[in-house]
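Visitor: Model the following, please.
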Amino acid sequence: MKKLLFALAAALLLTVPARALEVSAPSALLMEKETGTVLFAKNEHDRLEPASVTKVMTILLTMEAIDAGTLHYDDVVTASAHACSMGGSQIWLKENEQMTVSDLLKAVCVVSANDCAVALAEQLAGSEDAFVERMNRRAQELGMKDTVFKNATGLPADGHVTSAYDIALMSRELILNHPDIRQYTTIWMDTLRQGASSLVNTNKLIRFFDGATGLKTGSTGSALYCLSGTAERDGMELIAVIMKAPTSAQRFEDAKALLSHGFSTYALVSAAPDGALPPVPVTLGAQATVQPVAGAKSILLEKSRAAVLEKTVTLAESVSAPVAKGDPLGTLTVSSGGETLAEIPLTAGEDVPRLTWGALALEYLRAAFLGA
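Guide: Next comes the predicted model:
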């Protein structure tokens, strides 16, 4: 039985066939948000300067703090001399000027304001250096093996590098788990300081690509033109990363080519069984059954294969207590035309402890009494 259950715990099987797709940038990647599936990759682990796409991590740490309740949108931040000295893209913060976290985030997301990024970093960690330590620690946690951050802005610094793949990882973490960031990344034009400061998004996808949701541009003389571009159509959100494009226009053309390819070729479909899953009997459990649940919410398929799907459920006849939440109980097999497309584990949705000796004795006496 154990061998059977472990066999049924196989992870989602998805093979995305290669497609002829060309982008001019030397490094690029296309990823689907929900499953994290890479749909296109070109030199995706080359370690390159990301310029202001760095700020995806700055924004991620800010949103994590907001969602954890340690920072609030209406908190007021006082700009330091260091934050105001950044140069590059900025909103010209004055030393000791006060601005809410919400307005600082808006400036970072819309116009890539370096001064505002550092002001947020200092608010969260006390200093930019301490914040950079957090950035690198979080990068390690996300599996960003090609990345070393030296600052919170992406301004040129020796050894400040990442890759298209790593940018996709942190971008996915941001949009998957902190969707409220869209209130800023989808702004095309806005103002700050009671209308005195105008903002126009540096990300032209927001204005000119249907379904665009963000995310961050970047450019310096050495990094050239970089982008993490996100868009959503028909419930599927894609992340297109472009690095070191020769021109600003070309990075957007490359990103649009990747996103258009993804939307035209793939579909995100529900991994839920066609009907309700029956409970699985539990031997010697504190409760008689355990409810199986699907181990994945969605699967990514080529549109040509997603038209007609067959779903087959295989469940264990019974399991022995104790059962831990997440233990394998079976498999949902998704197929089309006799070809298996995915095998999704069905797992225990709750813990079921083993009956105590006292409960076992009581059950024995009850059975004996009823038998008499």
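Visitor: avg pLDDT for stretch 89-97?
Guide: What stretch 89-97 shows for mean pLDDT is 98.
Visitor: Could you pull out the buried residues of that stretch?
Guide: For stretch 89-97, burial by neighbour count (16 or more other C-beta atoms under 10 Å) applies to 89-91, 93, 97. Where you see a C-beta, it was placed from the backbone N, CA and C, and this is true even at glycine.
Visitor: Adding distance to M31, write the residues you listed out as TSV.
Guide: Below are the buried residues of stretch 89-97 laid out as TSV (distance: C-beta to C-beta, whole Å):
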residue	distance to M31
S89	26
Q90	30
I91	31
L93	34
E97	38
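Visitor: what's the closest of the residues you listed to S198?
Guide: I91 (9.9 Å; C-beta to C-beta).
Visitor: check contacts around that closest one.
Guide: For I91, the contacting residues are 107, 111, 113, 115-116, 192, 197, 199, by C-beta atoms under 8 Å, 6 or more residues apart in numbering.
Visitor: from these, which single one is nearest A249?
Guide: V111 (18.7 Å).
Visitor: mind checking how far the host helix or strand of L29 is from the chain centre?
Guide: Assessed by DSSP states H and E, L29 sits inside strand 27-32. Chain-centre distance of strand 27-32: 13 Å, with C-alpha atoms, centre = their mean, to the nearest Å.
Visitor: What lies in contact with that strand?
Guide: Outside strand 27-32, the residues touching it (C-beta under 8 Å, 6+ apart) are 37-44, 46, 48, 163-165, 167-168, 171-172, 236-244, 254, 258-259, 261-262, 266, 268, 300.
Visitor: out of the residues you listed, which are inside strands?
Guide: 38-42, 236-244, 266, 268, 300 (DSSP state E).
Visitor: Surely A164 touches E44?
Guide: Yes: in terms of C-beta atoms under 8 Å, A164 counts as a neighbour of E44; the distance is 4.6 Å.
Visitor: quick one, which of these two is more surrounded?
Guide: Looking at A164 and E44 with other C-beta atoms under 10 Å, you find the greater number of neighbours at A164, namely 32 against 21.
Visitor: Mind listing what's buried along stretch 263-281?
Guide: In stretch 263-281, counting by 16+ other C-beta under 10 Å, buried: 263, 265-269, 271-273, 277, 280.
Visitor: can you tell me the distance between the two ends of stretch 263-274?
Guide: The first residue of stretch 263-274 is 25 Å away from its last residue (C-alpha to C-alpha, to the nearest Å).
Visitor: Could you check the pLDDT of the most centrally placed residue in the chain?
Guide: Central residue of the chain (C-alpha atoms, centre = their mean): R172, 2.5 Å from the mean position. On the pLDDT scale, R172 is placed at 98.
Visitor: Would you check how far apart it and Q291 are?
Guide: Distance of R172 to Q291, given as C-beta to C-beta, to the nearest Å: 30 Å.
Visitor: what are the ranges of the strands in the stretch 151-300 of the chain?
Guide: 189-192, 197-200, 212-220, 224-233, 236-245, 266-270, 280-283, 289-290, 292-294, 298-302 (DSSP state E, counting those that start in this stretch).
Visitor: can I get the ones you listed in a markdown table with mean pLDDT?
Guide: Below are those laid out as a markdown table (pLDDT from 0 to 100):
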| stretch | mean pLDDT |
| --- | --- |
| strand 189-192 | 98 |
| strand 197-200 | 97 |
| strand 212-220 | 98 |
| strand 224-233 | 98 |
| strand 236-245 | 98 |
| strand 266-270 | 92 |
| strand 280-283 | 97 |
| strand 289-290 | 97 |
| strand 292-294 | 94 |
| strand 298-302 | 91 |
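Visitor: that older thread, let me know the closest of the buried residues of stretch 89-97 to E141.
Guide: Among the buried residues of stretch 89-97, and counting by C-beta to C-beta, the member closest to E141 is S89, at 28.0 Å.
Visitor: Ignoring the adjacent residues along the chain, who's closest to S318?
Guide: P281 (4.2 Å; C-beta to C-beta, 6 or more residues apart in numbering).
Visitor: which residues sit in contact with the one you found?
Guide: Here P281 is in contact with 288-289, 317-319 (C-beta under 8 Å, 6+ apart).
Visitor: Which of these ranks first by neighbour count?
Guide: Neighbour max across the contacts of P281 (other C-beta under 10 Å) = V319, 22 neighbours.
Visitor: show me the contacts for that residue.
Guide: The contact partners of V319, taken as C-beta under 8 Å, 6+ apart, are 1, 5, 280-283, 290, 327, 329, 348.
Visitor: Could you do F208 as well?
Guide: By C-beta under 8 Å, 6+ apart, the residues touching F208 are F252.
Visitor: For S24, see how far away it is.
Guide: Counting by C-beta to C-beta - F208 and S24 are separated by 18 Å.
Visitor: What is the most widely separated pair among the contacts of I91?
Guide: That would be D115 and L199, which, of the contacts of I91, are the farthest apart (C-beta to C-beta) at 13.6 Å.
Visitor: So between the two, which is more surrounded?
Guide: D115 (28 against 18).
Visitor: The helix or strand encompassing that one: how far from the chain's middle?
Guide: Counting by DSSP H and E, the element that carries D115 is helix 114-125. Centroid separation for helix 114-125 versus its chain: 23 Å, with C-alpha atoms, centre = their mean.
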